[in-house]
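S.K.: mind folding the following:
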Amino acid sequence: MSDKQPNEPANGVTNHDLTNYGVTISEFGAPEVLTLQAHLPLPQINDNQVLIETHYAAVNPVDYKTRLGLGWGAEKFKAQFPAVLGFDAAGVIAQAGSNSGFQVGERVAVLTFDGGAYSRYFAVNADLVARVPDGVSLQQAAALPTAGVTAYQLVKQADLQAGQKVLVSAAAGGVGHLLIQLLRRLPLEIIAICSPAKQAYLQTLGVSRFLDYTALQSYPPLAADIFLDLVGGEAGVKALSAVKDGGRVICVPTIHVPLLQQAGESRGLQVEKILAQPNAADLSALLALLARQQLQIEIADSYPLSQIQAAHRTLEQGRTQGKIILDLNEKTGRGV
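M.R.: Numbers count the residues shown, from 1 in each chain. I've put the predicted structure just below:
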């Protein structure tokens with residue numbers, strides 16, 4: 001039984017001690033719909049939640065697709081305008097519910113599909129939150145959740161067998177570079193689809209076989225057992241020729257699954273979708289790998305929150321190697 005007074009935060013810090021700020025959208029569209037707000041309401045937490053002081057957040061493809069009005073994110077957030085996007089973050093516990101199991105000041109990371117990470121303070125259910133171990137920076141921890149959990153659960157769904165041949169697209173991207181490292185822990189033959197500019201980096205991760213999507217009109221019949229498609233669309237369809245008849249395809253951009261199913265039907269390809277689920281246990285396992293230096297995360301660039309529009313534009317170009325993160329420790333910068 002808590003002895004705190006009604007409406008008193010669990011950590012004893014009064015709400016007026018915390019000033020919230022962040023980025024909202026009130027309509028779908030170009031990056032200009034992202035609006036920096038100097039003052040946002042401070043979320044209230046229940047006994048099973050924590051209030052996270054966000055130090056860094058990641059920018060993911062799902063963010064800009066939601067901003068454009070596409071996919072499940074758009075359906076979810078259009079009823080919440082003005083909405084705060086952002087699905088993964090790292091920071092410290094600012095307030096802790098009495099049943100949360102956390103203490104104020106603990107360093108944490110989280111993946112939540114309820115959004116809110118584009119703000120200095122946001123509330124989240126404690127069962128989604130993972131502690132950040134010593135030796136892992138908050139920048140690294142913020143870059144990990146969406147991409148890492150997606151890669152981790154993709155490997156689990158693939159249920160790969162020793163000696164199988166695995167084809168991976170966008171292998172140097174946010175999800176891709178983590179996926180490659182997780183696959184390299186297994187006795188597999190890995191073929192990466194990438195541009196020549198990314199091959200040297202992927203070689204450092206242990207990849208030795210590549211398909212250059214910029215030069216090939218069609219892919220050779222390599223009889224890959226499974227294709228882990230991080231791109232989808234016509235690029236995904238083009239790569240199907242490298243998969244053996246009756247092989248498997250797991251397509252991360254779920255919106256493209258029907259297209260790939262139709263394209264692969266005549267060859268008996270099994271095209272599956274994957275819906276990554278926020279999971280503190282999976283995130284903790286990934287953070288432990290980072291702490292033991294058995295996993296590296298590549299941070300392509302860091303932007304102050306005031307440059308959120310530029311961060312979205314960069315990611316939408318599709319040439320990023322690694323992850324883009326937002327720094328919420330400064331509200332202002334060179335302009336949005």
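S.K.: name all residues that make contact with the residue positioned nearest the centre of the chain.
M.R.: With distances taken as Cα atoms, centre = their mean, Thr146 lies nearest the centre of the chain, 2.3 Å away. Thr146 makes contact with 58, 60, 62, 87-88, 111, 174, 276, according to Cβ atoms under 8 Å, 6 or more residues apart in numbering. Just so you know, the C-beta spots here come from the backbone N, C-alpha and C atoms, and that holds for glycine as well.
S.K.: of the residues you listed, just the buried ones, PyMOL syntax please.
M.R.: Selection of buried members from the contacts of Thr146 for PyMOL, criterion 16 or more other Cβ atoms under 10 Å:
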select buried, resi 58+60+62+87+88+111+174+276
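S.K.: out of the contacts of Thr146, who's nearest Arg248?
M.R.: The shortest approach to Arg248 among the contacts of Thr146 belongs to Ala276, at 17.7 Å (Cβ to Cβ).
S.K.: thought the closest one was touching Val149?
M.R.: Yes. At 5.4 Å, Ala276 counts as touching Val149 under the criterion of Cβ atoms under 8 Å.
S.K.: tell me the domain boundaries of this protein?
M.R.: 22-131+298-327, 147-273 (the TED database).
S.K.: isn't Gly135 up against Ala291?
M.R.: Yes. Between Gly135 and Ala291 there is a contact under Cβ under 8 Å: 4.7 Å.
S.K.: those two: which is more packed in?
M.R.: Each of Gly135 and Ala291 has its neighbours counted (other Cβ atoms under 10 Å); Ala291 has more, 15 against 11.
S.K.: in a markdown table, list the domains of the chain along with distance to Ala141.
M.R.: As requested, the domains of the chain are exported to a markdown table (distance: least, Cβ to Cβ, whole Å):
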| stretch | distance to Ala141 |
| --- | --- |
| domain 22-131+298-327 | 4 |
| domain 147-273 | 10 |
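S.K.: dump those to JSON lines, plus distance to Leu286 and mean pLDDT.
M.R.: Shown next, in JSON lines, are the domains of the chain (distance: least, Cβ to Cβ, whole Å; pLDDT from 0 to 100):
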{"stretch": "domain 22-131+298-327", "distance to Leu286": "8", "mean pLDDT": "95"}
{"stretch": "domain 147-273", "distance to Leu286": "4", "mean pLDDT": "96"}
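S.K.: closest to Gln140 out of the ones you listed?
M.R.: Between those, domain 22-131+298-327 lies closest to Gln140; by Cβ to Cβ that is 7.4 Å.
S.K.: now stretch 215-234: buried residues?
M.R.: 219, 222, 224-232.
S.K.: now, which of these sits nearest Ser98?
M.R.: Each of the buried residues of stretch 215-234 was checked against Ser98 using Cβ to Cβ; the closest is Leu230, at 41.1 Å.
S.K.: before we move on, the earlier item: next step: the contacts of Thr146 restricted to strands.
M.R.: 58, 88, 111 (DSSP state E).
S.K.: which residues does the first one bridge with?
M.R.: Same thing as Ala58. Ile325 (DSSP bridges).
S.K.: show me the contacts for it.
M.R.: 86-89, 117, 142-147, 174, 323-326.
S.K.: which of those residues are buried? Put it as a ChimeraX command.
M.R.: Those of the contacts of Ala58 that count as buried under 16+ other Cβ under 10 Å are selected in ChimeraX with:
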select :86,87,88,89,117,142,143,144,145,146,147,174,323,324,325,326
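S.K.: pick the one among the contacts of Ala58 closest to Glu106.
M.R.: For those, the nearest to Glu106 is Ala89 (14.0 Å; Cβ to Cβ).
S.K.: contacting residues around that closest one?
M.R.: Contacts of Ala89 (Cβ under 8 Å, 6+ apart): 52, 54-58, 109-110, 117, 122, 142, 145.
S.K.: quick one: those residues as JSON lines, columns for secondary structure and distance to Asn99 too.
M.R.: Shown next, in JSON lines, are the contacts of Ala89 (DSSP: H, G, I helix; E, B strand; the rest coil; distance: Cβ to Cβ, whole Å):
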{"residue": "Ile52", "secondary structure": "strand", "distance to Asn99": "17"}
{"residue": "Thr54", "secondary structure": "strand", "distance to Asn99": "22"}
{"residue": "His55", "secondary structure": "strand", "distance to Asn99": "25"}
{"residue": "Tyr56", "secondary structure": "strand", "distance to Asn99": "27"}
{"residue": "Ala57", "secondary structure": "strand", "distance to Asn99": "26"}
{"residue": "Ala58", "secondary structure": "strand", "distance to Asn99": "28"}
{"residue": "Ala109", "secondary structure": "strand", "distance to Asn99": "20"}
{"residue": "Val110", "secondary structure": "strand", "distance to Asn99": "17"}
{"residue": "Ala117", "secondary structure": "coil", "distance to Asn99": "23"}
{"residue": "Phe122", "secondary structure": "strand", "distance to Asn99": "19"}
{"residue": "Ala142", "secondary structure": "helix", "distance to Asn99": "26"}
{"residue": "Pro145", "secondary structure": "helix", "distance to Asn99": "23"}
